[in-house]
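*Asks:* Take this sequence and fold it.
(2 chains)
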Amino acid sequence: METMQTIRKVLTTSTFDVFEKMFFIFLELSDKGGQQCDLVTSISFSGPASGEISLGFSESLARAMVENMLGVKREEVTRAMTEDCAKEAVNMIGGQFLRTFDASKVFNMSTPVCSTDAAADQQAGQGQAIAQCLNFECEKGCLRIRLRLRSEDPGTSAGRP
Amino acid sequence: MSFNVLIVDDSFSMRSVIKKVLSLSGFRMDRCFDAGNGREGLAVLEKEWVDIILSDINMPEMNGLEMLSRMKQNPVYQNIPVIVISTEGSEERVNEAFCNGAKGFIKKPFLPEDLKRTLHDVLGVDADGNYADDQKGSNDLDF
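*Replies:* From the prediction side, this is the model:
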């Protein structure tokens, strides 16, 4: 239980840090769940523990990230830019989360991919249970983060709500 | 003196941000090349003179550590300073990068000041922004 609280805290601070430093967006934790995600990016990791971190963005938040990071106007934002920024966001959050959680351990991270909500949910049935689900919001839109852990990982109580 | 820079990262957005930070920091940049992975980075080195490389680790096809390892084996490239900019940050990965010849390591996400400070450290710039090479006497001709 204590481990899960630490995971939640580290994942939250990693998300704040990445959004503030790289996208100049100040998120707040939200208790509103079940919001529509227009774009989902995910990254898998393996090592002492293995699983996946996925980020679900509202379209408006994803576009704001591109505008702020690349300094382009709203009408100049393309789908390719949005997906690239979103993938870089999950890459940075995943990396910061894992190294903050335990810098003495080596985790291998996959290349980030974009998918749909349905595809991400389908993967949950393949031995990965949701260990954490965090919702954030700001005036630009909303973000949902899911951490899935492989159920055989010891010490993480994966699958427990 | 100004520097030719090579930025190696599979993210177009990250390459753009790094380039923008370099431009705004007052860093004396001449030409800026970019590559999407280590293999493309080595291809740039074959054709262009590069003074410093900023490279990610986790990239498809050839990662940053493998690129560093290949550079180390080549006498022409082994002295080009490389700063690793990566989400990877475990002690073992950082040590691996330095053992392969990296001169600096910046963890993403980073602040513009982090990049500027590391660049100055690696290139030998003093607190006033003067480069070590600019401080040489007029008799110190460098051919």
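
*Asks:* Could you use CA atoms for every contact and neighbour count after this?
*Replies:* Will do.

*Asks:* Tell me who's in contact with the closest residue to residue A:109 other than its chain neighbours.
*Replies:* Nearest residue to residue A:109, sequence neighbours excluded (Cα to Cα, 6 or more residues apart in numbering or on different chains): residue A:45, at 4.4 Å. Each residue near residue A:45 by Cα atoms under 8 Å, 6 or more residues apart in numbering or on different chains is listed here: A:51, A:52, A:107, A:108, A:109, A:110.

*Asks:* Okay, and which of these map to helices?
*Replies:* Using DSSP state H to define helices, no part of the contacts of residue A:45 is located there.

*Asks:* coming back round to it: the residue nearest to residue A:109: what secondary structure?
*Replies:* strand (DSSP: H, G, I helix; E, B strand; the rest coil).

*Asks:* Over to the one 3 residues further on?
*Replies:* Following three-state DSSP, residue A:48 is assigned to coil.

*Asks:* residues in contact with it?
*Replies:* A:105, A:106, A:107.

*Asks:* Any of the contacts of residue A:45 buried? List them.
*Replies:* Using 16 or more other Cα atoms under 10 Å in any protein chain shown as the burial test, the contacts of residue A:45 include A:51, A:52, A:107, A:109, A:110 as buried.

*Asks:* Most widely separated two among those residues?
*Replies:* Distances among those were taken as Cα to Cα; the most separated pair is A:52 and A:107, at 11.9 Å.

*Asks:* Can you classify the residue positioned nearest the centre of chain A by secondary structure?
*Replies:* Geometric centre of chain A, nearest residue: residue A:55, 3.6 Å, by Cα atoms, centre = their mean. Taking three-state DSSP as the rule, one finds residue A:55 in the strand state.

*Asks:* any idea how far the lowest-mean-pLDDT helix or strand in chain B is from the chain center?
*Replies:* Lowest by mean pLDDT, DSSP states H and E among the helices and strands of chain B is helix B:112-123, with a mean of 90. Helix B:112-123 sits 10 Å away from the centroid of its parent chain (Cα atoms, centre = their mean, to the nearest Å).

*Asks:* And residue A:96, how close does it get to residue B:111?
*Replies:* 14 Å (Cα to Cα, to the nearest Å).

*Asks:* quick one: which of the two has more around it?
*Replies:* When neighbours are counted by other Cα atoms under 10 Å in any protein chain shown, residue A:96 and residue B:111 differ, and residue A:96 comes out ahead with 27 against 14.

*Asks:* how about the residues of chain A near chain B?
*Replies:* By Cα under 8 Å from any Cα of the partner chain, the residues of chain A that approach chain B are A:17-18, A:21-22, A:69-70, A:81, A:84-85, A:88, A:91-92, A:94-96, A:99, A:102-107, A:109, A:111.

*Asks:* Identify the residue nearest residue A:11 in space, chain neighbours excluded?
*Replies:* Per Cα to Cα, 6+ apart, closest to residue A:11 is residue A:97, 5.6 Å.

*Asks:* which SSE is that neighbour in?
*Replies:* helix A:79-101 (DSSP states H and E).

*Asks:* My understanding was that the residue nearest to residue A:11 contacts residue A:14; is that so?
*Replies:* Yes. Using Cα atoms under 8 Å, residue A:97 is in contact with residue A:14, at 5.7 Å.

*Asks:* buried sites along stretch A:40-50?
*Replies:* A:40, A:41, A:42, A:43, A:44, A:45, A:49, A:50.

*Asks:* For residue A:130, state which of those residues is nearest.
*Replies:* Using Cα to Cα, the buried residues of stretch A:40-50 come closest to residue A:130 at residue A:50, 12.4 Å.

*Asks:* Make sure the closest one is actually in contact with residue A:44.
*Replies:* Yes. If you go by Cα under 8 Å, residue A:50 and residue A:44 touch, sitting 7.5 Å apart.

*Asks:* And for residue B:112, the neighbour number?
*Replies:* Neighbours of residue B:112 (other Cα under 10 Å): 17.

*Asks:* State the helix or strand in which the closest residue to it other than its chain neighbours lies.
*Replies:* Distances taken as Cα to Cα, 6+ apart place residue B:21 nearest to residue B:112, at 5.9 Å, with adjacent residues excluded. According to DSSP H and E, residue B:21 maps onto helix B:12-24.
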